[in-house]
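*Asks:* With the input below, show me the fold.
(one chain, ligands or ions: 1)
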Amino acid sequence: MEQTITDKVAVITGASSGIGEATAYALAKKGFNLVLAARRNDVLEDVAKKCRKEGIQAIAIKTDTSKADDVARLSEKAINTFGHYDVWVNNASNIMYGRFLDIKDEEFRQLIETNLFGYVAGARAALQQFQNQGHGTLINVASAYGGVAAPYSSAYVASKFAVRGLGSALRQELIADRQHNIHVCTVMPGTVDTPIYQNAANRMERAVKAMPPVFSPERVAGVIVSLTEHPKPEVSVGRSMRVPMILFNLSPRLFEAGFSKYVAKFNYQDQPSVPGSGNLFKPSDNASMRGGWAMKRSLKFVGFGVVITATTVIMAILKGSKGRK
Ligand SMILES: NC(=O)c1ccc[n+]([C@@H]2O[C@H](COP(=O)([O-])OP(=O)(O)OC[C@H]3O[C@@H](n4cnc5c(N)ncnc54)[C@H](OP(=O)(O)O)[C@@H]3O)[C@@H](O)[C@H]2O)c1
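*Replies:* A predicted model of the protein is given here:
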C-alpha cells in the first residue's frame, strides 16, 4: 500500500477478539484508519474487512506481542502505511487460573511476556512516535485486577497491577518532560463478555466462568473511544468495579477474606476442566467476539456482594472505634 497521510489513525493489539475487536468497530465508526494486530491473521482480516465497510482504511498485521521485534515491526508498518498514528491501544492479553504452586514457571513467564512486556514494547514504540510527531494517546487496557487482587490468578493479577503502575509512571515522566500533548490512559474493566475465559490457561481442575457482573465489549470500546477524544489517567468500567477497591482500602484483611470466597463461588463451574495452557503459547480456534457470558438476572451474586460490603464496612467501623478507645 502507498504511504498516505490520513487524519486519524489507531493501532490496536488483540483486535481479533473481544474488547479489541469491538474497539476496532467503534473506532472505524468514528472515522479512524486502523492497524489491527493479533496472531490469527485470517480472523484479523475478517475484522479489517468489516471495519472497511465504514469507509475507512484498515490493515491486518500478524503480530505476536510477546515478541518485542514483532511489536516494533507493527509500529513501523503502521507508519509506512499511514505516515503516523494518533492512538495506540495495548490490549492483547492472556489469562491463567490455578493455585500459584500448580502454575508452571514457563506459563507464568509467557503470560508476563504478553501482558506486561507486550505492553512495554507497545509503549516504547508508541511514545517514541508520539514524541517525534508531538502528540498521541497510549491506551493500556488493564483490569479491575490492576486495583484489587483475586486468588488463583496470580500471574494475571501481577501483570495488571504492573500495567497500571507503568501507566502512572509514564504519565509522570510526560508531565516532567512537559509533553502535554502526549497522554497515557489506563482502562480497568470488570468482567466483560468475551472468550477470554474459554481461552484461559487453567490448572484449577475446575472449569472457569465469567464472574458477575458482566459488561459488554461494546461498553469498554465506548470508554476507549471517549479516551481518544478526552484522555483521562484511569477509568474503571462499571461503577460496581470501584466498590472492591474502596473496600480493600477500608480493610484489606476483611476484604480479602470475603472476596476470596466470592471468587471461589462465582468464578468457577462445578464440572472439572481439562488442564492446559489455553491460548498462552498459540492462539485458540475460537473466533467469536463474545464469550456468551451475558449477564443473567441473578440476585444471588448481588446478595453475596452486599454481604461482603456490609461485613467489611461494619467490621472496619468496629475496629476503628476499638482503636480510638
Ligand atoms: N474479558 C474480561 O472479563 C476482561 C476484564 C478485564 C480486563 N480485560 C482485558 O481486556 C483485554 C482484552 O481481553 P478480551 O476479554 O477481549 O480477551 P480475548 O477475547 O481473549 O482477546 C484477546 C486478544 O488478544 C490477542 N492475543 C493474545 N495473546 C496474544 C499474543 N501473544 N500476541 C498477539 N495477540 C495476542 C488475541 O488474539 P490471537 O489469539 O489471535 O493472538 C485476542 O485478539 C485484555 O487486556 C484483558 O486482560 C478483560
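*Asks:* what helix or strand is the closest residue to residue 38 other than its chain neighbours on?
*Replies:* With Cβ to Cβ, 6 or more residues apart in numbering as the criterion, residue 38 has its nearest non-adjacent residue at 3.7 Å, and that residue is residue 16. Yep, even glycine has a C-beta here, placed from its N, CA and C like the rest. Under the criterion DSSP states H and E, no helix or strand holds residue 16.
*Asks:* Next, work out how far apart residue 16 and residue 280 are.
*Replies:* 16 Å (Cβ to Cβ, to the nearest Å).
*Asks:* now swap in residue 116 and tell me
*Replies:* 14 Å.
*Asks:* Between these two, which has more neighbouring residues?
*Replies:* More neighbours surround residue 280 than the other of residue 116 and residue 280, with 23 against 20 (other Cβ atoms under 10 Å).
*Asks:* so is the more buried one in a helix, a strand, or just coil?
*Replies:* coil (DSSP: H, G, I helix; E, B strand; the rest coil).
*Asks:* Would you confirm that it contacts residue 107?
*Replies:* Yes - counting by Cβ atoms under 8 Å, residue 280 touches residue 107, with 6.0 Å between them.
*Asks:* okay, and the common contacts of these two?
*Replies:* Common contact partners of residue 280 and residue 107 (Cβ atoms under 8 Å, 6 or more residues apart in numbering): 96, 201.
*Asks:* need the contact list for the residue nearest to residue 38.
*Replies:* 36, 38-40, 43-44, 47, 283, 287.
*Asks:* tell me which of these is nearest to residue 91?
*Replies:* Residue 91 lies nearest to residue 38 out of these, by Cβ to Cβ, at 9.4 Å.
*Asks:* Enumerate every residue touching the closest one.
*Replies:* Residue 38 makes contact with 13-17, 20, 44, 62-63, 92, 283 under the criterion Cβ under 8 Å, 6+ apart.
*Asks:* For those residues, which single residue is the most surrounded?
*Replies:* In the contacts of residue 38, the most neighbours by other Cβ under 10 Å go to residue 15, 33 neighbours.
*Asks:* re the thing from before, and the pLDDT at the residue nearest to residue 38?
*Replies:* pLDDT, residue 16: 97.
*Asks:* Going forward, the N-terminal residue is numbered 9.
*Replies:* Fine by me, first position is 9 from now on; the one you just mentioned is residue 24.
*Asks:* Distance of it relative to residue 290?
*Replies:* Counting by Cβ to Cβ - residue 24 and residue 290 are separated by 13 Å.
*Asks:* any shared contact partners between the two?
*Replies:* Contacts common to residue 24 and residue 290, judged by Cβ under 8 Å, 6+ apart, are residue 47.
*Asks:* quick revisit: just the contacts of residue 46 now: which is nearest residue 165?
*Replies:* Among these, residue 100 lies closest to residue 165 (Cβ to Cβ), at 17.6 Å.
*Asks:* which residues does the closest one contact?
*Replies:* The contact partners of residue 100, by Cβ under 8 Å, 6+ apart, come to 21-22, 28, 45-46, 73, 122, 126.
*Asks:* which of those are close to the ligand?
*Replies:* Counting by Cβ under 6 Å from any ligand atom, 21-22, 28, 46, 73, 122 from those sit close to the ligand.
*Asks:* Taking the residues you listed together, which two end up most distant?
*Replies:* The span of those, defined through Cβ to Cβ, is set by 28 and 122 at 13.0 Å.
*Asks:* That concludes my questions; thank you for your assistance.
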